[in-house]
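1. Here's my sequence, what's the structure:
(4 chains)
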Number of protein chains: 2
Amino acid sequence: MTHQKQSMFSKSCEYGIKAMIYIASQSMLDRRVKIGEVVEHIDSPVAFTAKIVGALVKENVVQSVTGPYGGFYIDKHRMSQIMMIDIVTAIDGDSIFNGCGLGLKECDNEQPCPMHYKFVKIRADLKRMLNSTSILELAQGLESGKSILMR
Amino acid sequence: MTHQKQSMFSKSCEYGIKAMIYIASQSMLDRRVKIGEVVEHIDSPVAFTAKIVGALVKENVVQSVTGPYGGFYIDKHRMSQIMMIDIVTAIDGDSIFNGCGLGLKECDNEQPCPMHYKFVKIRADLKRMLNSTSILELAQGLESGKSILMR
DNA sequence: TTTATTTAGGATAAATTTGTCTTAAATAGA
DNA sequence: TCTATTTAAGACAAATTTATCCTAAATAAA
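-> Numbers count the residues shown, from 1 in each chain, chains lettered A, B, ... in the order given. Have a look, this model is predicted:
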């Protein structure tokens, strides 16, 4: 039995986050982008990514326009209000930062799992980070060349 | 599209950790335990759990004896040396605390993903916690009634 | 109005994870 | 030696995640 591929976020969530950062970086330049352009810049499968981005349209994280000259964009004024926690919660739910580390449906100070207190700070830090990180600052890092979405 | 069930560890890893804690808690009392008893105390599917525990036998985390009066146990003297990171790494690998949060194969200070610096501390804290938490202390918490593995 | 372009959404398939069932191997005791 | 018990291990199946393909709906421009 070889080990699994468990990471912090699901593939869907990774693609969703990367897509939002790329779209935001282009919206900063007043460019609406098509899904084909998005996936070229984040190295992800197009139809699958389209579904994830579509779900984020429904969640009102990103806007879309159909037809020629259409595509996706994020309102400039909203970028500082759209937080990573919104994207992660929409795709992966809140278990990663609110759930029990050992998967107990209920786990609290009254009846904690053996790792409960070990996880309290890690989860709180993760939640705080996701809650305070805006799509704006991540898009700025990308646009300025300080960070990358693929190699 | 409803959201996923992404959590910190895979189901396999959750079961593996819980099984190790239960087995250790009984080994502290010099009791060897059968897989049927394990799953009764951690609320997990028996055959599936048996495979996971079997993999941890191969990884030398836990010992097994076949036949009547057989079962699983952990050497008392080794309990303080067996760390959560050993169990997690054996089952889920190291991506959760070593990998890039956005799934880039390479991601470092030279060419960081947009979230790289946001994750540095969270990953380090998680790794440090797993690295410093022994199966002994978790089993003691369970055995003393301070924590639970199921409701 | 027609055509071309683009997102929306459904059906389907592949891959992975989670789970079950059956048999083999080991071993203790009668 | 024979039987019963228990882990080991393989085949198989179900559920979930990841991914593809095709058609519908929207819309801009000719």
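2. For the residue most central in space within chain A, which residues are in contact?
-> Chain A has A:Ile17 as the residue nearest its centroid, 3.1 Å off, counting by Cα atoms, centre = their mean. Contacts here follow Cβ atoms under 8 Å, 6 or more residues apart in numbering or on different chains; on that basis A:Ile17 touches A:Phe9, A:Met84, A:Ile87, A:Val88, B:Leu102, B:Met115. All C-beta atoms are positioned from the backbone trio N, CA, C, and that covers glycine.
3. mind putting those residues in TSV, neighbour count and pLDDT included?
-> Output for these, formatted as TSV (neighbours: other Cβ atoms under 10 Å in any protein chain shown; pLDDT from 0 to 100):
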residue	neighbour count	pLDDT
A:Phe9	21	98
A:Met84	23	98
A:Ile87	24	98
A:Val88	25	98
B:Leu102	27	98
B:Met115	25	98
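4. Take those and keep only those in helices.
-> A:Met84, A:Ile87, A:Val88 (DSSP state H).
5. In TSV, list those along with distance to B:Leu142.
-> Output for the ones in helices among the contacts of A:Ile17, formatted as TSV (distance: Cβ to Cβ, whole Å):
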residue	distance to B:Leu142
A:Met84	35
A:Ile87	37
A:Val88	31
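6. Could you pull out the buried residues of the helix or strand harbouring A:Glu40?
-> Using DSSP states H and E, A:Glu40 sits within helix A:35-42. If you call a residue buried by 16 or more other Cβ atoms under 10 Å in any protein chain shown, then helix A:35-42 has these buried ones: A:Ile35, A:Glu37, A:Val38, A:Val39, A:His41, A:Ile42.
7. And the contacts of A:Ile17, which is closest to A:Asn131?
-> Checking the contacts of A:Ile17 against A:Asn131 with Cβ to Cβ, the nearest one is A:Met84 at 7.7 Å.
8. per-residue confidence for A:Gln111?
-> With respect to pLDDT, A:Gln111 scores 98.
9. Correction: the previous question concerned A:Gln26.
-> On the pLDDT scale, A:Gln26 is placed at 98.
10. Could you find the closest non-adjacent residue to it?
-> Once flanking residues are discounted, A:Gln26 sits nearest to A:Val33: 4.9 Å by Cβ to Cβ, 6 or more residues apart in numbering or on different chains.
11. Can you report how many residues neighbour that neighbour?
-> For A:Val33, the tally of surrounding residues (other Cβ atoms under 10 Å in any protein chain shown) stands at 19.
12. Surely it is in contact with A:Ile21?
-> No: using Cβ atoms under 8 Å as the test, A:Val33 is too far from A:Ile21 to be in contact (11.9 Å).
13. and A:Leu56, what does it touch?
-> Applying Cβ under 8 Å, 6+ apart, the residues near A:Leu56 are A:Gly16, A:Ala19, A:Met20, A:Val62, A:Ile87, A:Ala90, A:Ile91.
14. Let's see that with 7 Å instead.
-> Counting by Cβ atoms under 7 Å, 6 or more residues apart in numbering or on different chains, A:Leu56 touches A:Gly16, A:Met20, A:Val62, A:Ile87, A:Ala90.
15. Can you verify it is assigned to a helix?
-> Yes: judged by DSSP: H, G, I helix; E, B strand; the rest coil, A:Leu56 forms part of a helix.
16. what about it, distance to B:Gly141?
-> According to Cβ to Cβ, to the nearest Å, A:Leu56 and B:Gly141 sit 41 Å apart.
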